[in-house]
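> Below are the sequence and a predicted model for it; my questions follow.
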Amino acid sequence: GSEMCIRDRRSPAARRRRRRARARGCAGWTPEVPTGARVEAGSAEFLALEAIGMQHVGQTGFVLVAGGLGERLGYNGIKIALPMDLVSGKSFMQWYAEYILAFQARACRADRAIPLAIMTSDDTHERTASFLREHDFFGLREQQVTLMKQEKVPALVDNAARFARADGSFLLETKPHGHGDVHHLLLSSGIAQSWAKAGVKWLAFFQDTNALAFRAMACLLGVSAKHKLEYNSLTVPRTPGEAVGGIVRLKRADGAEMTVNVEYNQLDPLLRATVSAEGDVADGASGNSPYPGNINVLALELAPYIKVLESTGGQMPEFVNPKYKDGAKEAFAKPTRIECMMQDYPRLLAPGARVGFTQLDRWIAFSPAKNNANDAAKKAAAGGPPESASSCEADMYSANARLLAKAGAPILRSPARPRATRRPTPTVRARSRALARAPQASMSRVAPRCGRWASRSCSRRKSTCARRSRPRGQSCSRRSRAARSARARPSSSTAT
């Protein structure tokens, strides 16, 4: 990215406008609902596609994009080291490694290993390498795991593409270039070519904290193999306006077309400008947007992929997304990076390339851990998925239960608790009130209210019961009489 900027000295704002113009249809593109495979999890079609995918999983190389830290989660370490759940304590990396080993045991010969490439960054490379060595690569052979480090690019300060200086020095301030670098790294490192020579036919890209992706991986590969797709995106149903890119078929008057991801903040203006003034709205049947949500889990056919990389250098379309300092919109509020995205790969393909998508229900394919608790609560309050560590764990348990139920296993669900039991208990309320009235009293000196008043079966009301809190040793007369009667009454076994 920096070489292109230095050589051409083009305005990044102009590149940004041209890219948005292509997305909005200003250059002659018109959006349509794309054609793809919409599969119900657990259905006969799903099982058939899984069976096809399992025939090809032994010829698949996996690519993990793990260049970011868990800062949005409030975590300073590498995200693949996070525990996926608190029951097993497995990290995301262990989960992925065990899945790959399971695929390998099911679909490969004993002398063949499924390769894994991990894209890292300056922030994560050393920690990722140490984490893998510390855990003996989680059962994977060391030679089947390859790390490829992404470099940073200079940050920009204004529309004239002037570079930012680090702390006022003569060093350039640099920032990550985006996960679109994964394509260039697979080419420049020779990984793609060496995998092809070893018999790999498919590539499967996945993200660092979406454990459910592997639940859907065999189905995704099955759709790619059945329909001979060069590029296949795993998608989920998407609500209108949701902050997830949508898969769209773009058509031009000369007959050219492409199926690509359009970011959510561009999709609605694009539809308003070309299709309908209502923009991104739900369809009548499902209540979801007709444009499925991209989750950056991809399946690509390796042979045509290498040809495209060799002809383009694996350079994805670049853009900047700055926040401006003032209304003049010339200088940026803070140094901004040049970015590229891995899902823009279809823009490099020639006309007629076989591009599609596979849509599955969200519960079996997508629940990432990327938001801290406060941000997750705000998203949940707004009606969206929280996408936090706790919701990711809960969704995994739920998916496991649903899959077992679909397989015929009886699933016992806890009955809903009465509303009263979800409130603070009578004991807690009584002690709190007693301490408020007498702060000098010890907590151990406060006894609970009587059980009949707590269960609301007592005829006395809160305003008339004088024994809601009392020193230990004093008890409600109603409870005392009931206790004496119970002791005096013979048990059923004694009577018999």
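Looks like it arrived, so ask away.

> Help me confirm that residue 389 comes into contact with residue 369.
Yes: contact criterion Cβ atoms under 8 Å: residue 389 and residue 369 qualify, at 4.5 Å. C-beta coordinates here come from the backbone N, C-alpha and C atoms, glycine included.

> what touches both of those two?
73, 82 (Cβ atoms under 8 Å, 6 or more residues apart in numbering).

> Distance from the longest helix seen in the chain to the middle of the chain?
Ranked by residue count and defined by DSSP state H, the top helix of the chain is helix 389-406. Mean-position distance between helix 389-406 and its chain equals 14 Å (Cα atoms, centre = their mean, to the nearest Å).

> Ok, stretch 156-170 next?
For stretch 156-170, the distance to the chain centre is 33 Å (Cα atoms, centre = their mean).

> Between the two ends of that stretch, how far is it?
By Cα to Cα, to the nearest Å, the extent of stretch 156-170 from end to end equals 14 Å.

> Stretch 204-213 too?
By Cα to Cα, the extent of stretch 204-213 from end to end equals 10 Å.

> Repeat that for stretch 102-121.
Counting by Cα to Cα, you get 28 Å between the two ends of stretch 102-121.

> Make sure residue 282 is actually in contact with residue 237.
No: Residue 282 lies out of contact with residue 237 (Cβ under 8 Å); the separation is 10.2 Å.

> Common neighbours of these two, please.
In contact with both residue 282 and residue 237: 288, 289, using Cβ under 8 Å, 6+ apart.

> Those two - which one has more neighbours?
For residue 282 versus residue 237, the count of surrounding residues by other Cβ atoms under 10 Å is larger for residue 237: 17 against 14.

> Show the contacting residues for the closest residue to the more buried one other than its chain neighbours.
Once flanking residues are discounted, residue 237 sits nearest to residue 288: 4.3 Å by Cβ to Cβ, 6 or more residues apart in numbering. By Cβ under 8 Å, 6+ apart, the residues touching residue 288 are 237, 238, 239, 240, 282.

> ok, 7 Å please
Residue 288 makes contacts with 237, 238, 239, 282, as judged by Cβ atoms under 7 Å, 6 or more residues apart in numbering.

> And for residue 225?
Going by Cβ under 7 Å, 6+ apart, residue 225 touches 52, 53, 56.

> Neighbour-wise, give me the winner out of those.
residue 53 (26 neighbours).

> quick one: that residue and residue 224 touch, right?
No: look at residue 53 against residue 224 with Cβ atoms under 7 Å: they stay out of range, at 8.1 Å.

> Leaving out sequence neighbours, find the closest residue to residue 287.
Closest residue to residue 287 apart from its sequence neighbours, by Cβ to Cβ, 6+ apart: residue 239 at 7.8 Å.

> Out of the helices and strands in the protein, which is least certain?
Of all helical and strand segments in the chain, the minimum by mean pLDDT, DSSP states H and E falls on strand 446-447, at a mean of 37.

> Any regions of this protein where pLDDT drops low?
Residues of the chain meeting the criterion pLDDT under 70: 1-27, 416-496.

> tell me, what residue is most central in it?
Centroid-nearest residue in the chain, with Cα atoms, centre = their mean: residue 368, separated by 2.4 Å.

> Would you enumerate the residues in contact with that residue?
207, 209, 210, 387, 392.

> got a winner among these for most neighbours?
Of the contacts of residue 368, with other Cβ under 10 Å as the count, residue 392 tops at 25 neighbours.

> ok, now which ones touch it?
Contacts of residue 392 (Cβ under 7 Å, 6+ apart): 209, 211, 367, 368, 369.

> Now tabulate those residues in a markdown table and tack on distance to residue 380 and secondary structure.
Written out in a markdown table, the entries for these read as follows (distance: Cβ to Cβ, whole Å; DSSP: H, G, I helix; E, B strand; the rest coil):
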| residue | distance to residue 380 | secondary structure |
| --- | --- | --- |
| 209 | 18 | coil |
| 211 | 20 | coil |
| 367 | 13 | coil |
| 368 | 15 | coil |
| 369 | 14 | coil |
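
> Closest to residue 104 out of these?
For the contacts of residue 392, the residue nearest residue 104 by Cβ to Cβ is residue 211; the value is 18.4 Å.

> roughly how far apart are residue 277 and residue 271?
From residue 277 across to residue 271, the span is 9 Å (Cβ to Cβ, to the nearest Å).

> hang on, the earlier thing: now go through the contacts of residue 225 and say which are in helices.
Checking the contacts of residue 225 against DSSP H, those in helices are 52, 53, 56.

> I'd like to know how far the last one sits from residue 80.
Going from residue 56 to residue 80 by Cβ to Cβ gives 25 Å.

> what do you get for the first one?
When distances are taken as Cβ to Cβ, residue 52 and residue 80 turn out to be 29 Å apart.

> So residue 358 belongs to a helix, correct?
No: judged by DSSP: H, G, I helix; E, B strand; the rest coil, residue 358 forms no part of a helix; its state is strand.

> Residue numbering should commence at 8 henceforth.
Taking 8 as the first residue, the last one we looked at is residue 365.

> what's around residue 383, how many residues?
By other Cβ under 10 Å, neighbour count at residue 383 equals 22.

> Return the residues in contact with it.
By Cβ under 7 Å, 6+ apart, the residues touching residue 383 are 393, 394, 395, 398.

> Surely the second one touches residue 373?
Spelled out, that is residue 394. No: the criterion here is Cβ under 7 Å, and residue 394 misses it with residue 373 at 9.0 Å.

> that older thread, tell me which of the contacts of residue 399 is nearest to residue 334?
residue 375 (36.2 Å).

> Secondary structure element holding the closest residue to that closest one other than its chain neighbours?
Nearest non-adjacent residue to residue 375, counting by Cβ to Cβ, 6+ apart: residue 217, 4.4 Å away. Using DSSP states H and E, residue 217 falls within no helix or strand.

> which ones are touching residue 217?
Going by Cβ under 7 Å, 6+ apart, residue 217 touches 302, 373, 374, 375.

> can you list the ones in helices among the contacts of residue 232 in CSV and add distance to residue 39?
Converted to CSV, the ones in helices among the contacts of residue 232 look like this (distance: Cβ to Cβ, whole Å):
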residue, distance to residue 39
59, 28
60, 28
63, 30
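
> and the residue nearest to residue 294, how far is that from residue 293?
Counting by Cβ to Cβ - residue 246 and residue 293 are separated by 10 Å.

> Pick out whichever of the two has more residues nearby.
residue 246 (15 against 10).
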